[in-house]
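S.K.: Structure here, sequence nowhere to be found:
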């Protein structure tokens, strides 16, 4: 039975596929990605050296704490039950940090000059925070870790304040538009 | 009737890989590339008609995927999103090479016109070779419709021409393929 053109293509669709690209495509792509990554970091540091420096410190902290945490026994206990005073600090700082984040998030991404990894790092519950939280659960009596947690909150708050200051300097009046309206205009 | 702009039935990677890509994880991006490279390379190959241009276009398209993956919404189809980037790159590169997708007069081309299909046999190699030899405009429309599963309306929007031009070019392309395959049958 003769086939028409379209049905022939549909029935033999797989036979029209060629093997994938040569490995050199990924090699070139990887080099390109590495280059653009370095370029972005350098350019971000040039424009936002303070933010970049603080984020770098937070990332280093995260790496060190992660290493420590790997060698500790994991305990599934709620932090609030173990250390009530830390819970109070958590409520206080979380509210303030969330307020600041909300203000910062009102600005479009291109105004912030931060890539997605850096934006992720700005969030309260990032890897550093989770590592500290686990450390506290495992070592509730350790004053140094308690201090580190409080310092983490303060550092985060200072960082967000600094970013907000810069953004407000840049825009004489605070944004009254929603993020979507702003993006639509530009 | 076109079901969807997607010939990969399912996204071959999970959301976790996309989340890691969004965080800048190069290994996750490699997983994404490995999952889609072959299918997307075939699109590039059909559209550009040569291996070297196809590989260059694929590379450029994936750079754009990397740059924009942060904008990909969680509910969106990863496959359709990547595929659209790849197709747009192919079309842009063709435009840079001064390939114009011109409007044509609306001409009625009768379905299955002229050639008696009982008198010859379709083969994959003959059809491939016939498509390869089509003028660029015809080949682009035919590939987008038949192989990439876009509707006439979607193709018109992507190419910046009218839907009726797309339909006419598709019918002409199909007719041309039939003629070439028939000639190849006669030569044998």
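M.R.: Perfect, I can see it now. Given the structure is predicted, the values throughout are model-derived calculations rather than measurements.
S.K.: Report the contact partners of whatever residue of chain B ends up closest to chain A.
M.R.: Chain B approaches chain A most closely through residue B:38 (3.4 Å), counting by C-beta to the nearest C-beta. Just so you know, the C-beta spots here come from the backbone N, C-alpha and C atoms, and that holds for glycine as well. Residues in contact with residue B:38, defined by C-beta atoms under 8 Å, 6 or more residues apart in numbering or on different chains, are A:17, A:19, A:20, A:21.
S.K.: and whatever helix or strand it lives in, what's its mean pLDDT?
M.R.: Here residue B:38 sits within helix B:26-48, counting by DSSP states H and E. Mean per-residue pLDDT for helix B:26-48: 94.
S.K.: Name the next helix or strand downstream of that helix, please.
M.R.: Counting by DSSP H and E, what follows helix B:26-48 is helix B:51-68.
S.K.: separation between the residue of chain B closest to chain A and residue A:133?
M.R.: The span separating residue B:38 from residue A:133 equals 43 Å under the rule C-beta to C-beta, to the nearest Å.
S.K.: that older thread, how about the helix holding residue B:38, which residues are buried there?
M.R.: Buried residues in helix B:26-48, counting neighbours by 16 or more other C-beta atoms under 10 Å in any protein chain shown, are found at B:28-33, B:35-37, B:39-48.
S.K.: Now chain A against chain B: closest residue?
M.R.: Closest residue of chain A to chain B, C-beta to the nearest C-beta: residue A:20 (3.4 Å).
S.K.: Spell out which residues of chain B are next to chain A.
M.R.: B:7, B:22-24, B:26, B:29-30, B:33, B:37-38, B:41-42, B:45, B:54-55, B:58-59, B:62-63, B:66-67, B:70, B:112, B:117-118, B:122, B:124, B:127-128, B:146-147, B:174, B:177-178 (C-beta under 8 Å from any C-beta of the partner chain).
S.K.: Now, of these, which are buried?
M.R.: The buried subset of the residues of chain B next to chain A (16+ other C-beta under 10 Å) comprises B:7, B:22-24, B:29-30, B:33, B:37, B:41-42, B:45, B:54-55, B:58-59, B:62-63, B:66, B:70, B:117, B:122, B:127, B:146-147, B:174, B:177-178.
S.K.: where exactly do the helices run in chain A?
M.R.: Along chain A, counting by DSSP state H, helices occupy A:5-11, A:23-47, A:49-70, A:79-82, A:84-105, A:109-112, A:116-122, A:127-138, A:143-170, A:179-185.
S.K.: wait, which of the ones you listed is closest to residue B:14?
M.R.: Set against residue B:14 and scored by C-beta to C-beta, the helices of chain A come closest in helix A:116-122, at 18.6 Å.
S.K.: What's the per-residue pLDDT of the most centrally placed residue in chain B here?
M.R.: Among the residues of chain B, the one closest to the centroid is residue B:144, at 4.0 Å (C-alpha atoms, centre = their mean). Residue B:144 carries a pLDDT value of 96.
S.K.: which helices and strands does whichever strand or helix holds residue B:126 pack with?
M.R.: Secondary structure assignment for residue B:126, by DSSP H and E: helix B:124-132. If you count contacts as 3 or more C-beta pairs under 8 Å, 6 or more residues apart in numbering or on different chains; DSSP states H and E, helix B:124-132 packs onto helix A:5-11, helix B:136-142, helix B:163-187.
S.K.: redo that, cut-off 7 Å
M.R.: When contacts are defined as 3 or more C-beta pairs under 7 Å, 6 or more residues apart in numbering or on different chains; DSSP states H and E, helix B:124-132 packs onto helix B:163-187.
S.K.: between the helix it packs on and helix B:124-132, what angle do the directions make?
M.R.: Relative orientation of helix B:163-187 versus helix B:124-132 (axes from the mean of the first three to the mean of the last three C-alpha atoms, to 10 degrees): 130 degrees.
S.K.: buried ones in helix B:163-187?
M.R.: Buried residues in helix B:163-187 (16+ other C-beta under 10 Å): B:165-178, B:180-182, B:184.
S.K.: Cool, thanks, talk later.
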